[in-house]
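Visitor: Kindly generate the corresponding structure for this input.
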Amino acid sequence: MAGTTTSNTTHVLNDTIIDPTKDRNPSHWLVERDPPPDVHIVYFQNPTIGYSSYDPPKGFTAEELVKFRGAKEARFTFEEAKAVIKLRNEHGTLVVGGEDRYSGLFRV
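Guide: Reported below is the predicted structural model:
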């Protein structure tokens, strides 16, 4: 792994430890929805720091997530932001594949 120290805000993506709180600028973050039929699935990206995941970045509140670029266009609401944070905290990293992607995990 590129780094060996993790904290409560780090994610491990492709064997690399990334701390999303290193870049709190909402204009550097992007929220998108997967294409149909998976439009209920939300995707988070920050190319500046190499973050790309279905998991909302740790260390950000629901209020901050809805300020990310693309959130309004993706109709990513405050209630949905709270729900994806809760899912991540309760169930850990989201792995969506196969039939799971049709389950409506992010519908509020």
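Visitor: where along the chain do the strands fall?
Guide: 11-13, 16-18, 30-33, 42-46, 51-53 (DSSP state E).
Visitor: nearest residue to T9 other than its sequence neighbours?
Guide: G59 (3.6 Å; C-beta to C-beta, 6 or more residues apart in numbering). C-betas here are computed from N, CA, C, even on glycine.
Visitor: That neighbour contacts P20, doesn't it?
Guide: Yes. Using C-beta atoms under 8 Å, G59 and P20 qualify as a contacting pair, with a distance of 6.0 Å.
Visitor: What residues sit buried inside the longest helix belonging to the chain?
Guide: Assignment by DSSP state H gives helix 78-91 as the longest helix of the chain. Of the residues in helix 78-91, E80, A81, K82, A83, V84, I85, R88 count as buried by neighbour count, 16 or more other C-beta atoms under 10 Å.
Visitor: Rounded mean pLDDT for it, please.
Guide: Summarised as a single mean, pLDDT over helix 78-91 is 92.
Visitor: now swap in stretch 14-23 and tell me
Guide: When pLDDT is averaged over stretch 14-23, the result is 86.
Visitor: Tell me how far that stretch lies from the chain's centre.
Guide: Here stretch 14-23 is found 12 Å from its chain centre; the criterion is C-alpha atoms, centre = their mean, to the nearest Å.
Visitor: go on, stretch 8-19?
Guide: Here the centre of stretch 8-19 is set off from its chain's centre by 12 Å, with C-alpha atoms, centre = their mean.
Visitor: remind me which residues of this protein are low pLDDT?
Guide: For the chain, the stretches with pLDDT under 70 are 1-7, 93-108.
Visitor: Could you find the closest non-adjacent residue to the residue nearest the centre of the chain?
Guide: Centroid check for the chain by C-alpha atoms, centre = their mean gives P56 as the closest residue, at 2.4 Å. Closest residue in space to P56, ignoring its immediate chain neighbours: V84 at 4.9 Å, by C-beta to C-beta, 6+ apart.
Visitor: OK, contacts around the one you found?
Guide: The neighbours of V84, taking C-beta atoms under 8 Å, 6 or more residues apart in numbering as the test, are V42, D55, P56, L65, F106.
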